[in-house]
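Q: Provide a 3D model corresponding to the input given below.
(one chain, ligands or ions: 1)
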Amino acid sequence: MPRPSTASNKGGKDESVQVVVRCRPMSEKEQDSGCERVVDIDGQRKQVTLRRPRNEGSQRMSSSGEDVHNFYFDYVYDWNSKQKDVYEQTARALVDFVLEGFNGTIFAYGQTGTGKTFTMEGIRSQPDLRGIIPSSFAHIFDSISRSTSRQFLVRASYLEIYNESIRDLLSRDQNKRLQLQEHPKEGVHVHDLSSFITKNSPEIEHVMTTGNLNRSTGATNMNEHSSRSHAIFVITVESSEIGADGKPHIRVGKLNLVDLAGSERQAKTGSTGDRFKEATNINLSLSVLGNVISALVDGNSHVPYRDSKLTRLLQNSLGGNSKTIMIATVGPANYNYEESLTTLRYANRAKNIKNQPRINEDPKDALLRKFQEEIARLKDRLENKGKGGRKSRRHKNRDGTEMDNEASDQDDEELFLKEQQDKLNEDKRTIMHKKNINETEREAMLRQLEEQKKEIEREQDDRRKMQHKILEMESKLITGGKDIITHTSEQEQSLRQKRRQIAEVERRNREAQQQLQQREEERQSMNETYTSIKEEVEDKRAKRDKLSKSLKKLDAKKQDIIEKHRSAREELEAEQREIQKQSKLFQLIIENFIPVDERERLLKRIQFDEQQNCFTLKELSKQADQMASRPLSANGDRRSASVYAQGTTIPEIARFKDENVILLQLDFPSRTTRDYEGPMVSPMIQAAIENAMKDEEHIELDANTILSKKGTKKKKSNPNNGGYGDIQTGRGMNSARR
Ligand SMILES: Nc1ncnc2c1ncn2[C@@H]1O[C@H](COP(=O)(O)OP(=O)(O)OP(=O)(O)O)[C@@H](O)[C@H]1O
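A: Numbers count the residues shown, from 1 in each chain. A predicted model of the protein is given here:
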């Protein structure tokens with residue numbers, strides 16, 4: 001719903017919602033079970049510090065850490081705070097503004113059992129423990145009694161929102177549920193809500209007691225006496241004063257005193273069934289209250305006032321034309337840490353809500369105006385009757401004496417009527433004793449007298465009724481100052497004004513302090529950003545150092561690898577040279593020592609074995625050009641057989657059968673050669689080979705060249721000296737070997 005924009009809040013100056021935090025003392029139970037206190041209050045700095053319980057996380061307690069939360073409010077009160085101090089410092093100025101015609105709201109928000117009711121109502125029977133509501137009663141009536149120029153009308157209402165339904169706590173019928181109505185100009189109000197005009201503190205106290213008796217309370221496992229409903233006590237103060245134009249001007253101030261239900265999360269209360277529904281609805285109102293606060297703080301165009309009864313009723317108090325104080329209550333013990341943190345965060349946000357309070361002047365529906373008009377009307381009627389009476393008196397005054405009736409008051413009127421009655425009685429007696437009239441005439445005269453008498457009695461009765469009504473109405477309008485010495489009153493009034501001024505200065509100081517705090521927070525966050533950039537630089541520098549170290553290591557490794565590679569390459573080159581050398585040697589040998597046809601056969605047989613990665617010679621049997629087959633004997637045997645042998649095997653040849661032939665061993669001839677013992681290669685050839693091998697690039701080996709160089713020397717050498725000096729002999733050697 002859009003923000004209210006009724007005429008009443010137009011033009012009001014922006015004013016923040018005041019937020020006050022109060023922490024109650026440790027209960028006996030908490031003390032006995034040795035609970036740790038996690039809340040610190042610094043009244044001077046208006047600071048609340050909440051520490052995470054020691055067993056719930058690290059021991060770190062730095063101001064920037066997550067474990068310590070600092071909050072600043074308009075006022076903060078610790079467990080030793082007095083009810084009177086809370087009232088004087090926070091509520092008094094607001095109640096004064098209500099007497100001036102502003103709307104005001106004080107609401108207590110917090111977890112069950114943290115002191116909302118104690119702060120709002122307290123213990124009424126003990127003067128020192130009376131809370132904000134009873135203190136405001138005394139304050140209002142005391143102020144009125146000191147007022148010299150104004151007439152007041154004070155009325156009170158008391159309602160409860162329970163399970164999202166509204167109940168009039170002052171109604172006879174407690175089953176009746178009331179509805180909210182919205183007036184385009186006057187905003188939201190509860191239809192049919194009863195209100196009681198009260199003329200003094202005892203009367204308004206009585207109203208509260210009656211309402212409290214009707215208030216729903218229930219027990220949860222958190223706190224037996226916990227209130228599960230939102231209670232709103234409304235005091236409307238109307239005042240009238242004659243203005244410079246000589247006409248009465250009316251102002252209406254409305255004070256909402258709200259004791260909200262416990263704000264704790266439902267899981268903790270262990271609610272189920274009806275209690276669950278109850279908790280859900282209570283939480284609905286509270287969560288909508290949270291949404292409203294958020295929307296107002298964030299400056300949203302849509303504020304969800306309509307989402308709950310509570311927020312609809314408090315619409316003017318939040319972002320409207322009211323002066324508002326939120327009192328957030330917290331428990332000091334460690335087990336309340338999470339709830340206290342939630343409450344403090346909630347309260348901290350509420351500080352940023354801006355209202356536009358302004359005086360409600362001459363509203364059309366002011367009860368005081370109706371009273372004044374009715375009294376005036378009745379007085380007028382009385383006067384007119386008086387005039388009529390006086391006229392008749394003048395008319396009936398037989399002795400002709402003229403009376404000054406203009407100045408006659410009510411007593412005069414009574415006296416006049418009494419005189420009239422006495423006169424009628426006198427006339428009646430005279431008629432009774434008259435002798436010169438007949439009976440019929442006498443009776444007619446007496447009847448006329450009787451009629452007149454009845455009329456006078458009726459008039460008397462009417463007047464009494466009107467007078468009573470005027471008195472009754474006037475008694476409800478309170479006017480102070482009659483019994484107070486004006487001087488003292490003025491002094492006190494100026495004192496109060498000074499107090500208000502002090503409160504206003506303090507409020508401005510608080511706002512300035514808040515702004516300072518906000519700037520400090522911004523500075524801190526900038527510092528944090530700076531610290532984080534610094535940290536980033538440090539981090540990057542460390543990474544860079546690390547990287548340059550590993551780069552150095554890699555460089556060293558690279559050098560190692562290059563070195564290893566270089567030496568491996570050198571080795572490979574040497575190996576390659578060696579292989580080339582050998583290859584040249586083999587080439588040399590092949591070209592010079594292997595016959596050409598043999599070389600060609602070998603070349604044909606040569607193949608590369610992929611698996612073994614080397615050249616191999618093909619199997620001879622598989623060669624197409626293998627040796628010619630051995631010749632067979634005439635009859636197809638592998639070898640020719642002697643006739644004898646044939647005779648033994650072939651039975652047909654009977655010629656040899658009888659011969660006695662002895663199988664003798666063959667005599668081997670004695671050896672005529674010797675094994676070669678000399679050098680394999682003649683020194684000359686060896687020298688030629690070595691010479692050729694010296695030049696790696698080109699091996700020149702031609703035995704003929706060598707032979708031509710050595711010429712005759714070689715020819716002279718003994719061909720039997722064991723050498724193969726002639727290449728031709730080499731070939732011969734190869735042939736011999738084969
Ligand atoms: N500031 C305080 N000084 C002393 N006693 C306190 C204070 N605040 C609360 N207490 C005590 O703590 C108890 C719980 O307080 P109270 O009933 O006011 O809590 P509550 O928040 O109103 O709970 P609920 O949500 O049930 O209404 C009461 O016994 C009350 O007397």
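
Q: can I assume N175 sits in a helix?
A: No. N175: not assigned to a helix; according to DSSP: H, G, I helix; E, B strand; the rest coil it is coil.

Q: Count the residues that sit near it.
A: When counting by other Cβ atoms under 10 Å, one arrives at 6 neighbours for N175. C-beta: built from backbone N, CA, C; applies to glycine.

Q: Next, the contact list for the residue in the chain positioned nearest to the ligand, please.
A: When you check the chain against the ligand by Cβ to the nearest ligand atom, the closest residue turns out to be G115, at 2.6 Å. Contact partners of G115, counting by Cβ atoms under 8 Å, 6 or more residues apart in numbering, are R22, R24, T329.

Q: Just to check, N214 is in contact with Q174?
A: Yes. Counting by Cβ atoms under 8 Å, N214 touches Q174, with 5.5 Å between them.

Q: where do the contact lists of the two overlap?
A: Joint contacts of N214 and Q174 (Cβ under 8 Å, 6+ apart) are R167.

Q: In PDB, list the C-alpha atoms belonging to stretch 592-605.
A: What follows is stretch 592-605, C-alpha atoms only, in PDB (Å, rounded to 0.1, in the frame of the first residue of the first chain):
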ATOM      1  CA  ASN A 592      86.500 -55.600 -52.000                       C
ATOM      2  CA  PHE A 593      86.100 -59.000 -50.500                       C
ATOM      3  CA  ILE A 594      82.700 -60.300 -51.500                       C
ATOM      4  CA  PRO A 595      82.300 -61.600 -55.100                       C
ATOM      5  CA  VAL A 596      79.800 -59.600 -57.100                       C
ATOM      6  CA  ASP A 597      77.500 -62.500 -57.800                       C
ATOM      7  CA  GLU A 598      77.500 -63.500 -54.100                       C
ATOM      8  CA  ARG A 599      76.900 -59.900 -53.200                       C
ATOM      9  CA  GLU A 600      73.900 -59.800 -55.500                       C
ATOM     10  CA  ARG A 601      72.500 -63.000 -54.100                       C
ATOM     11  CA  LEU A 602      72.900 -61.600 -50.600                       C
ATOM     12  CA  LEU A 603      71.300 -58.300 -51.600                       C
ATOM     13  CA  LYS A 604      68.300 -60.300 -52.900                       C
ATOM     14  CA  ARG A 605      68.000 -62.200 -49.700                       C
END
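
Q: Output the contacts of G115 in JSON lines; the columns should cover distance to Q587.
A: Below are these laid out as JSON lines (distance: Cβ to Cβ, whole Å):
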{"residue": "R22", "distance to Q587": "111"}
{"residue": "R24", "distance to Q587": "111"}
{"residue": "T329", "distance to Q587": "109"}
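
Q: Among those, which one has the most neighbours?
A: Top of these by neighbour count (other Cβ under 10 Å): T329, with 28 neighbours.

Q: that's a helix at that one, yeah?
A: No. Remark: T329 does not belong to a helix; assigned using three-state DSSP, it is strand.

Q: so it makes contact with T119?
A: Yes. With contact taken as Cβ under 8 Å, T329 and T119 are classed as touching, separated by 6.3 Å.

Q: Contacts for the helix or strand harbouring I133, please.
A: Assessed by DSSP states H and E, I133 sits inside helix 132-146. Contacts of helix 132-146 from elsewhere in the structure, counted by Cβ under 8 Å, 6+ apart, are 83-84, 86-87, 90-92, 95-96, 98-99, 106, 119-122, 124, 152, 154, 200-201, 204-205, 208, 233, 235, 237, 255, 257, 478, 480-481, 483-484, 489, 492-493, 496.

Q: what's K476 in contact with, if anything?
A: Going by Cβ under 8 Å, 6+ apart, K476 touches L153, I197, K199, F371.

Q: Weed out the non-buried ones from the residues you listed.
A: Among these, those scoring as buried are L153, I197, K199, F371 (criterion: 16 or more other Cβ atoms under 10 Å).

Q: okay if I get the residues you listed as CSV plus secondary structure, distance to Q44 and pLDDT?
A: As requested, those are exported to CSV (DSSP: H, G, I helix; E, B strand; the rest coil; distance: Cβ to Cβ, whole Å; pLDDT from 0 to 100):
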residue, secondary structure, distance to Q44, pLDDT
L153, strand, 42, 92
I197, strand, 44, 93
K199, coil, 42, 88
F371, helix, 49, 81
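
Q: one step back: name the residues contacting each of T329 and T119.
A: Counting by Cβ under 8 Å, 6+ apart, the common neighbours of T329 and T119 are R22, A108.
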